[in-house]
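J.: sequence and computational prediction follow.
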Amino acid sequence: MYNDEMNMGADNPASHGESTNSQNVYGQSGGAYSQNTYSQSSGGYSQNTYGQSDGVYNRPFTKKAVRAMKKVQRVERKASQPKRKNRFARGVAMFVCAVLLGGVAGVACYGVSYAGYSLFPISSDDGSASESDKTTSAAQLGNVTVNKDITATVYDVSDIVDMVISSVVAINGDYTQEVNYGMFGSQTYQSTVSGSGIIIGTNDDELLIVTNAHVIDGVENLAVTFYDGSQVSVEVKNKKSSYDLAVISAKLSDIPDDAIYTIATLGDSSSIRVGEAAIAVGNSMGYGISVTTGCISALDKTVTVDNVDYNNLIQTDAAINPGNSGGALFNAQGEVIGINSVKMTNTDVEGMGYAISISSVKDIINELSSRDARQLVDDDERGYLGITGVSITNQISNTYGYPVGVAIRSISEGGAADKAGLIKNDIIYAFDGENVETIDELVELLKYYSAGETVKVDYYHMNSKGKYEKASVTVTLTTNPEE
């Protein structure tokens, strides 16, 4: 490319190198111009330029010429440098140095190890060293880990289970439920219920079994199955729903001679500790006697079911499934420490089962066991008190100061209670010698008494000073006042 304004002539000072401004611009040199120039005045050469010197037009060097020049320069530089040592000789020297350094390091490590074992000897665990020697060596070694044989102990409850499993029975029966559909009428359904029981002793002619009250409430055709499969019919001796306890009995004469059963040993649940082993045995899901294991999770728990508080419960993570109710919770000595009762059922909860502490109910079990066995009475023959009432629970009693029991709210004229002299606001606390704390307990008890039977009723009556005092009355039960 040419500049239309270039100056021609040798008089230009730039032609002699006095002044050149040629960085990325069009410059002048001896009457000529150059771009990105390397220029010499007075006949020099220009690379990548078109230049003139002394009127001569110089062409740029070819690529071949440039490569030849670079080759010559490399040869000259190499000739000017001192000769390098032979590479093979250098490799041999490096190998010899490495061998020498490794030998020195090995000798040093051996010396350190020998000194350490001399000062701190380690006894082998072959029985030749005493336990005190082993302990001393371990203490001296500090954080040094000494390899030893590792053993594991698997907790096996099979011996305990063999000893106690025949003291737990499966309970089965029939339950009839009537469902009212309002204007569409009602329908009766019958189902089979399952539960568990613990054999706690015998008397002259009965085998006594304790279970939960909710297992046998309203159940007909009750029977128990022993661990060996033998089956026998049972009767309800008595129950106390406020503690969810009941005692049933089987006649010894009805039990097959080859039936296998044992009497459970009731332990002391007041001495158990959180973390102890727990073994739950019962009729899980109605499929027969089975075993689950866990530990004691907590003590002295309170659980509310259907507005009834159950106290002194043992919490365990041993699986307690439907059908386990009334079964036994054993400790590691094979003693009954609890009666499995309820399980916390929630999608967010896992492993929270509860058992009635055996120590808190031993007296109640003895009381229920001493009473005569009773059977359910048909509706048309059942006895009635002729009252309506409400429950005075422990919570209400503590809040308002009323005695615990069933407060009479209304009395049927001419009924059993009316004839016996009971009045509104009297509070019944015992029926036929058994304490009652809720209206449900009283209604359940009456299912085992026939019309015409005479029973003793204990109650609280408010005197003229506004204080409750105990009283008793004999009541002759009547038929259903609505009939």
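T.: On my side now, so go ahead.
J.: pLDDT below threshold where in the stretch 251-400 of the chain?
T.: Within the stretch 251-400 of the chain, the segments meeting pLDDT under 70 span 306-307, 343-349.
J.: over to the stretch 101-250 of the chain?
T.: 104, 106-155.
J.: and with 50 instead?
T.: 119, 122-146 (pLDDT under 50).
J.: where along it do the strands fall?
T.: Remark: strands assigned in the stretch 101-250 of the chain by DSSP state E, counting those that start in this stretch are 168-180, 186-202, 206-211, 219-225, 231-233, 235-240, 245-251.
J.: these: which one's closest to residue 456?
T.: Closest approach to residue 456 among those (C-beta to C-beta): strand 235-240, 14.8 Å. Quick note: C-beta positions are derived from backbone N, CA and C, even for glycine.
J.: how's this structure carved up into domains?
T.: Domain segmentation of the chain under automatic domain parsing yields 13-79, 84-147, 159-369, 379-476.
J.: first vs last residue of the last one, how far apart are they?
T.: What it means is domain 379-476. 17 Å (C-alpha to C-alpha, to the nearest Å).
J.: OK, contacts around residue 298?
T.: 274, 314-315 (C-beta atoms under 8 Å, 6 or more residues apart in numbering).
J.: if we can go back for a sec, hey, which of the domains of the chain is tucked in deepest?
T.: domain 159-369 (a mean of 18; mean count of other C-beta atoms under 10 Å).
J.: could the C-alpha coordinates of stretch 178-186 be exported in PDB?
T.: Extracted in PDB, the C-alpha atoms of stretch 178-186 (Å, rounded to 0.1, in the frame of the first residue of the first chain):
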ATOM      1  CA  GLU A 178     -75.100 -54.000  67.100                       C
ATOM      2  CA  VAL A 179     -74.700 -51.000  64.700                       C
ATOM      3  CA  ASN A 180     -77.600 -48.600  64.500                       C
ATOM      4  CA  TYR A 181     -78.100 -47.000  61.000                       C
ATOM      5  CA  GLY A 182     -80.800 -44.600  62.100                       C
ATOM      6  CA  MET A 183     -83.800 -44.500  59.700                       C
ATOM      7  CA  PHE A 184     -82.300 -47.600  58.000                       C
ATOM      8  CA  GLY A 185     -82.600 -49.700  61.100                       C
ATOM      9  CA  SER A 186     -79.800 -51.600  62.800                       C
END
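J.: contacts for it, please.
T.: For stretch 178-186, contacts defined as C-beta under 8 Å, 6+ apart pick out 187-189.
J.: ok, now stretch 435-452?
T.: 213, 217-218, 236, 239-242, 308, 374-377, 381-385, 389-394, 404-406, 428-432, 434, 455, 476-479.
J.: if we can go back for a sec, would you list the strands of the stretch 101-250 of the chain in a markdown table and tack on distance to residue 353?
T.: Formatted as a markdown table, the strands of the stretch 101-250 of the chain follow (distance: least, C-beta to C-beta, whole Å):
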| stretch | distance to residue 353 |
| --- | --- |
| strand 168-180 | 16 |
| strand 186-202 | 13 |
| strand 206-211 | 16 |
| strand 219-225 | 22 |
| strand 231-233 | 27 |
| strand 235-240 | 21 |
| strand 245-251 | 17 |
